[in-house]
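Novice: got a predicted model here, sequence first, then my questions.
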Amino acid sequence: MIVGKRIKEARIKKKLSQEELGDMLGVTKVSVCGYEKGTRTPTMKTFLKLIEILDLEPNQLLGRDMRVITERDPYYAVRMAKEDIAIISELKLYPKLHARLREEPVRFFELLNKKIK
């Protein structure tokens with residue numbers, strides 16, 4: 001979903017309609033809409049054109065725009081979306097919830113998913 005959000009934000013910033021972007025990419029407006037909603041995935045060729053047309057870096061479009069150093073090994077870093085970092089930061093404001101999630105992440109999300117259905 002991050003990719004779609006980034007495509008839409010960059011398209012709007014460039015003042016392009018979905019149809020105009022589609023014409024530039026050689027795809028339909030429906031395809032661009034699908035990319036933005038996360039229901040379609042662009043081919044590698046289209047992805048590379050998106051990067052060029054929208055003036056984005058690949059890691060930025062993929063949601064890997066923030067470099068994060070791991071706790072265990074300071075020489076190893078991963079890239080994460082700023083939206084994911086915001087979720088983690090917010091979760092840390094609730095120590096009991098954060099601790100429970102760290103103990104049993106799979107079980108925690110299974111229970112949470114049952115609650116929201």
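Specialist: Ah, there it is. Residues are numbered from 1 along each chain as shown.

Novice: which residues are in contact with the closest residue to R6 other than its chain neighbours?
Specialist: Among residues not flanking R6 along the chain, L61 sits closest, at 5.3 Å (C-beta to C-beta, 6 or more residues apart in numbering). The C-beta positions use only the backbone N, C-alpha and C, and glycine is treated the same way. Counting by C-beta atoms under 8 Å, 6 or more residues apart in numbering, L61 touches 3, 6-7, 10, 47, 50-51, 54.

Novice: quick one: least confident helix or strand in this structure?
Specialist: Sorting the helices and strands of the chain by mean pLDDT, DSSP states H and E puts strand 66-69 at the bottom, at a mean of 67.

Novice: mind pulling up the pLDDT for the most far-flung residue of the chain relative to its centre?
Specialist: Centroid-distance maximum for the chain: K96 at 27.2 Å, with C-alpha atoms, centre = their mean. K96 carries a pLDDT score of 86 in this model.

Novice: the helix or strand containing it packs against which elements?
Specialist: Secondary structure assigned from DSSP states H and E places K96 in helix 95-103. Packing partners of helix 95-103 (3 or more C-beta pairs under 8 Å, 6 or more residues apart in numbering; DSSP states H and E): helix 82-91.

Novice: lovely, talk soon.
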